[in-house]
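Participant: starting from these lines, generate the structure:
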Amino acid sequence: MRCFLLALFGDAISPDHLSSLITEYMKLANLGRKGSCHLFRHTCATLMLENGADIRYIQQLLGHAALNTTSIYTQVSVHQLQKVHALTHPAENDNGKS
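Facilitator: I've put the predicted structure just below:
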């Protein structure tokens with residue numbers, strides 16, 4: 001399964017065109033680094049994962065055949081880990097207290 005981004009009139013945007021758009025916008029933003037379609041994919045997948053998307057949906061979105069290819073996105077920030085710990089660990093909420 002391939003996933004496409006759509007242009008204004010419903011035509012698929014090619015990866016080369018998307019890369020050139022990202023490169024142009026990053027240059028205009030003066031971020032000090034180059035952009036590409038791969039950077040867009042990586043950022044999108046990472047943000048989806050951090051916001052609760054299932055890794056298998058991300059695997060399908062990216063078109064990865066094996067889950068271990070997608071697993072590079074499972075490395076989360078310390079901030080995100082602390083947030084999840086605070087929300088779910090029994091010692092952090094009333095459900096874990098006797």
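Participant: from here on, just use CA atoms for contacts and neighbour counts.
Facilitator: OK.
Participant: contacts for the helix or strand residue 79 falls within, please.
Facilitator: When secondary structure is defined by DSSP states H and E, residue 79 falls within helix 78-88. Outside of helix 78-88, the residues within contact range by CA atoms under 8 Å, 6 or more residues apart in numbering are 50, 92-93.
Participant: can I take it that residue 59 is in a helix?
Facilitator: Yes. Residue 59: assigned to a helix according to DSSP: H, G, I helix; E, B strand; the rest coil.
Participant: mind listing what it touches?
Facilitator: Under the criterion of CA under 8 Å, 6+ apart, the contact list for residue 59 reads 65-67, 70.
Participant: change it to 7 Å
Facilitator: The contact partners of residue 59, by CA atoms under 7 Å, 6 or more residues apart in numbering, come to 67, 70.
Participant: for the contacts of helix 78-88, give me JSON lines that also has secondary structure, pLDDT and neighbour count.
Facilitator: Shown next, in JSON lines, are the contacts of helix 78-88 (DSSP: H, G, I helix; E, B strand; the rest coil; pLDDT from 0 to 100; neighbours: other CA atoms under 10 Å):
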{"residue": "50", "secondary structure": "helix", "pLDDT": "81", "neighbour count": "18"}
{"residue": "92", "secondary structure": "helix", "pLDDT": "74", "neighbour count": "12"}
{"residue": "93", "secondary structure": "coil", "pLDDT": "71", "neighbour count": "11"}
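Participant: show me where this protein has helices.
Facilitator: For the chain, applying DSSP state H gives helices covering 15-28, 37-50, 55-62, 67-70, 78-88.
Participant: report the inter-axis angle for the third one versus helix 37-50.
Facilitator: Looking back up the chat, that one is helix 55-62. Computed with axes from the mean of the first three to the mean of the last three CA atoms, to 10 degrees, the direction of helix 55-62 lies at 160 degrees from that of helix 37-50.
Participant: buried residues of helix 55-62, list them for me.
Facilitator: Buried residues in helix 55-62, counting neighbours by 16 or more other CA atoms under 10 Å, are found at 55, 58-60, 62.
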